[in-house]
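**Student:** Sequence and predicted structure are below.
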Amino acid sequence: MDSNVLLEVAIQEAGYEPGIAKLHNINISVKRGKLTGLLGPNGAGKSTALKGILGLLPFAKMTVDYGGASDKYAYVPEHPVFYETLTLWEHLSLAAAVYDMDENEFEELGRALLEKFRMTEVRDHLPESFSKGMRQKMMLMLGFLVKPDVYIVDEPFIGLDPRATKDFLELLEEERGRGAGVLMSTHVLDTAEKICDDFILISAGKVVASGTIDDIREVASLPEGSLFDCFDVLT
Ligand SMILES: Nc1ncnc2c1ncn2[C@@H]1O[C@H](COP(=O)(O)OP(=O)(O)OP(=O)(O)O)[C@@H](O)[C@H]1O
């Protein structure tokens with residue numbers, strides 16, 4: 001495998017029950033420093049594909065190869081998951097412990113992330129008391145804390161205010177500068193068009209177009225079209 005490819009996924013068939021495939025023949029690759037956008041309408045199979053990559057599907061005929069990367073990846077789920085009895089800081093601490101981070105490095109990075117996402121004041125609060133956006137920020141902070149080679153992010157934008165979106169995009173840009181690759185599913189097509197290097201457009205569990213924006217435009221027969229226009233034609 002090309003050493004610039006950090007994640008190579010080939011899904012033949014996958015789903016929630018044996019024999020009932022929700023995904024068919026989907027290939028995904030994430031390159032060093034690049035962002036691959038996984039796009040598609042509601043129910044297309046984006047979250048299912050990400051769950052497959054994480055090994056969370058009961059039925060999956062697929063291969064996942066972290067070839068050029070160490071096995072360090074971070075998954076940011078669409079719906080925040082947290083421990084009711086742990087504060088924000090304790091969640092960060094737990095992640096640091098799981099990833100065997102150096103204590104000083106954790107303190108420094110943890111504090112910087114709290115500041116970046118404007119969450120310093122609530123660091124000792126329980127996430128139960130957080131708004132939807134604050135919970136989403138906590139999930140993003142947990143991802144960024146461990147500095148993985150590959151980020152797998154499921155619809156990060158819903159719930160984030162414009163400032164938090166900007167902070168998130170800045171951090172993502174820094175991480176890509178460090179060489180991390182990102183696979184991100186989203187519906188926010190104008191942002192996706194600006195930030196993604198490669199796109200995989202799926203509908204009803206199948207790929208309808210993939211490649212660069214120009215590849216997508218070609219398949220949609222819209223040489224000047226926006227991603228939104230192409231999405232509209234193809235799905
Ligand atoms: N836990 C589940 N058990 C059984 N079927 C499921 C489950 N989760 C999703 N599905 C089905 O799998 C298909 C793909 O759903 P998925 O959640 O992957 O779509 P998505 O592209 O992420 O949609 P959205 O944009 O709405 O989040 C749908 O037909 C959905 O009904």
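**Tutor:** Thanks, I have the structure now. Please read these numbers as outputs of a predicted model, since none were measured by experiment. Numbering: from 1, shown residues only.
**Student:** Could you export the helix or strand of the chain with the lowest mean pLDDT as CSV, CA atoms only?
**Tutor:** Counting by mean pLDDT, DSSP states H and E, the chain has its least confident helix or strand at strand 73-76, which shows a mean of 90. The C-alpha coordinates for strand 73-76 follow below in CSV (Å, rounded to 0.1, in the frame of the first residue of the first chain):
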residue,chain,number,x,y,z
TYR,A,73,-7.2,6.5,15.6
ALA,A,74,-9.8,8.7,17.2
TYR,A,75,-13.5,8.3,16.6
VAL,A,76,-15.8,11.2,17.2
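**Student:** got the contact list for that strand?
**Tutor:** 7, 50, 54, 66, 139-140, 142-144, 146, 148-154, 156 (Cβ atoms under 8 Å, 6 or more residues apart in numbering). Quick note: C-beta positions are derived from backbone N, CA and C, even for glycine.
**Student:** Can you give the contact residues for the top helix by length along the chain?
**Tutor:** The longest helix of the chain (DSSP state H) is helix 162-177. Residues external to helix 162-177 that are found in contact with it (Cβ under 8 Å, 6+ apart): 33-35, 116-118, 133, 136-137, 140, 144, 147, 151, 156-157, 160, 182, 191, 195.
**Student:** got it, and stretch 212-232?
**Tutor:** Outside stretch 212-232, the residues within contact range by Cβ under 8 Å, 6+ apart are 39, 189-190, 192-193, 197-199, 201, 208-210, 233-234.
**Student:** now do 6 Å
**Tutor:** Identification of contacts with stretch 212-232 by Cβ atoms under 6 Å, 6 or more residues apart in numbering yields 189, 193, 199, 209, 233, 234.
**Student:** The fourth one contacts residue 200, correct?
**Tutor:** No: with contacts defined as Cβ atoms under 6 Å, residue 209 does not count as touching residue 200, sitting 8.1 Å away.
**Student:** the more surrounded of those two?
**Tutor:** Using other Cβ atoms under 10 Å as the criterion, residue 209 and residue 200 rank with residue 200 on top: 25 against 21.
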